[in-house]
Every structure is written in C-alpha cells, then in structure tokens.
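Undergrad: sequence plus predicted model, see below.
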Amino acid sequence: MFPERLEANALQALCRQVFAVRLVMIPLGAPLALGRTAPGAPTYLVAASVLLTFMLSYALFRDWERLGPLLLRHRWLLAADMAVGALLLVTATPSSPLGLVALGTPLLAGLVYGWRGSAVFAAAQTVLVAALGGGLVLSFLCVLSGAAGSSVRDFLFRLSETRARLAAAEAVREERERLAREMHDSVSKTLHGLALAADALARTSDPASIRAQAEQVASAARRAASESRALLTDLRAGPVPYPFLPALHALDAQVRVTGAVPALPPSVARHVVAVAAEAVENVRRHAGASETLLTVSATGTHLTVSVEDDGRGLPAQLPSAGHFGVRGMRERAAAIGAALSLGPRPSGRPGTRVRLSLPLEGIR
C-alpha cells in the first residue's frame, strides 16, 4: 500500500499511539460514566462494554507489530473497531466522558487510508453519534479527527518525498565529485602529458626525434584510452579485489612498509592509493626533489601512509582556484574517514610531507 517503508513505519507508530491515548481515556472516563449510570443491570452493561473496549485496545497496542499490518491491509477491520466503539456509545451514551473514544476510529481512518477513508468513517461515526444524541460538538470533533489524521498522513508523505529528493541530489553531487577526482587522477594527467608530447613533436625537425616523440604520443593516447575504459568499467561493475601494496610499489617513489598491513575494502584501498599517487605526482611536477619516500605503517588501530620529499617545499599559500589535486586528496580522505595533513617535513628538514592516517576500526 505504501511506496516507501519509512512512511509505513511512521504511520504504524502513529496508529499505535492512537490506541495508547484510548487506553488512557477509558480508565479516566469510566468512573464518571459509571457514576451517572443507574445501579444494577445498566451499570454491569456499561462496565462490560468498558472492559471489552479496553481489552481490545490493549491487545492492538501490545501486539501492534503483528496486528497492525492486518489493519493496514484490510479496511473492514476498522469497521470492527467502530462497532466496538459503538457498543460503548450505546451503553454509556455519547454525552459521557467515554464518548471521546469515538474519535479514535476516524483518526485511524485518516492515518491509514487518507482523506477518502477518513471521509467515509468520519461520516459514519458522525451519523452514529448524532443518532445516539451525542450533540453537535462531538459530531464536529469526529469530522475534525478524520481530517487531522488525513493531514498528518499527507505531511508524512510530503516529508518523505522531500527527503528522497534531497538524498538523490546529494548522491548526484557526490558522484559528480567522485568522477571529477577520478578524471583528474587518471585521464586528465595522461592527456596533459599527451599535449606536452605533441607540442614537443611539433617543434622537432630531426627524423629520429620525431619517431621517438611520435611513439610517446601514441603511448600516451593508448594509456588515456585504457584509463577511460577502466573508469567506465569501474562505473558499471561492482567492487573487485584491489592490489593495494602492489599499486603503491608501482608509484615513482621509494616504498617502505612496517607492520602487518590489513586487507582493505576495494573502495577504501583505491582512495588511499589515489592520495599517495597524487602526492607523488605533485613531488615530480612541482618539488624539484631528488628523493621521494613513501612510507606505509600499520598498527592495531591505524594505517598511516606518508609521502616525503627533499624538494623546495610547499608555497606559503596554496592556490584557491584550479588546485584540484590537493582538493581531491582532502575529499578522498574525508570519504573514508581519514585525517590528511600537508606540511613541511618534521625536525626542520627541507621538503614536504603528506600524511594520511586511516582508522582501521569499522572498515575490516
């Protein structure tokens, strides 16, 4: 009946609270109703009706997880609830404090079936109350309770739709950012190298150099095509095992590993390797370093990956625009719950250190 499980759970919880309110109203109104009833058989009849209504309401409240879905699937069960309430109205009269129990059925109808169901049950309950001399106020309250239940139901549906749209928009935004990072870390860099090789080829007149430059252009083009296919495959396929340590050893850096490196989920391993690869690439392009050291350290609680170089160090202020590499590293670290730091090497040595600290708890 419901398009989303969230709405069903919320409506079932509200319906259960209606029975909880009824359970409170019956004991509060029963003494007053019995005090206005003539002694003898009428008193016993009212007491029996009160007890029956209370027991049925308590059963629905206590076993709502089992009985509630039946009420949501079968509308005639709500008519049975109205019949039980009618018995109480007939014996105790609608003008007694127990007459407020009649408001529960149209309220439930509005919650469960919307404005169509609430209109039917509210009209039937209003006619019953008026026929028994319940007065204009109680009749109006029956209509109002049905409208209130329907309004709450509509509000829940609108709230859920809004949350679904916001979740979809957030998923689209995250996917766009992920694609931007993947393009920057793979195809974008390869195409940049391809452009540099093509520029060099245009300025070369020596046949041997032209042949070598042409081979570099062809190699870069094939690599860009391969990276594009890998990116498309990653978009279409599910998670596959990722060679974490081999991928780090393939980087242009001296690699040192200490401790027993645990097996990481493929998505987490890809992010860690991408951060390290970006740090190594930044050293090659900007640092002018003679040595790049990549250290992987594993303890019982954290995995730490750091990239150090002996180059010229970071500028006083990183560019605010166009610096997608550092931005991508920070986004990747945040995506896996890791801490990323960029700064000078410790102990005052020249160069830069990029350090990623990943908590291992909860990802194994």
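TA: Good, I have the coordinates.
Undergrad: could you report the distance from the residue nearest in space to the middle of the chain to L138?
TA: In the chain, the centroid-proximal residue (C-alpha atoms, centre = their mean) is A167; its distance is 6.9 Å. Separation of A167 from L138 (C-beta to C-beta, to the nearest Å): 43 Å. C-beta coordinates here come from the backbone N, C-alpha and C atoms, glycine included.
Undergrad: which stretches in this structure count as strands?
TA: Along the chain, counting by DSSP state E, strands occupy 254-258, 292-298, 302-309, 339-344, 352-359.
Undergrad: among those, which is the most enclosed?
TA: strand 302-309 (a mean of 22; mean count of other C-beta atoms under 10 Å).
Undergrad: ok and that strand relative to strand 339-344, angle-wise?
TA: 20 degrees (axes from the mean of the first three to the mean of the last three C-alpha atoms, to 10 degrees).
Undergrad: who's in contact with strand 302-309?
TA: For strand 302-309, contacts defined as C-beta atoms under 8 Å, 6 or more residues apart in numbering pick out 248, 253, 261-262, 264, 272, 275-276, 279-280, 283, 287, 289, 291-298, 345, 351-360.
Undergrad: mind exporting the C-alpha coordinates of that strand to PDB?
TA: The C-alpha coordinates for strand 302-309 follow below in PDB (Å, rounded to 0.1, in the frame of the first residue of the first chain):
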ATOM      1  CA  HIS A 302      45.500   2.900  12.300                       C
ATOM      2  CA  LEU A 303      47.100   2.700   8.900                       C
ATOM      3  CA  THR A 304      49.400   5.600   8.100                       C
ATOM      4  CA  VAL A 305      50.600   6.400   4.600                       C
ATOM      5  CA  SER A 306      53.100   9.300   4.200                       C
ATOM      6  CA  VAL A 307      54.900  10.800   1.200                       C
ATOM      7  CA  GLU A 308      58.000  12.800   2.000                       C
ATOM      8  CA  ASP A 309      60.400  14.600  -0.400                       C
END
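Undergrad: each with direction, which strands does it pair with?
TA: Under the criterion DSSP bridges, strand 302-309 sits next to strand 292-298 (antiparallel), strand 352-359 (antiparallel) in its sheet.
Undergrad: can you map out the helices along the stretch 101-250 of the chain?
TA: All helices of the stretch 101-250 of the chain, identified by DSSP state H, counting those that start in this stretch, fall at 104-131, 135-183, 189-202, 207-236, 244-249.
Undergrad: how about the ones you listed in CSV, adding mean pLDDT and distance to P39?
TA: Putting these into CSV (pLDDT from 0 to 100; distance: least, C-beta to C-beta, whole Å) gives the following:
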stretch, mean pLDDT, distance to P39
helix 104-131, 81, 26
helix 135-183, 76, 26
helix 189-202, 72, 95
helix 207-236, 70, 81
helix 244-249, 88, 85
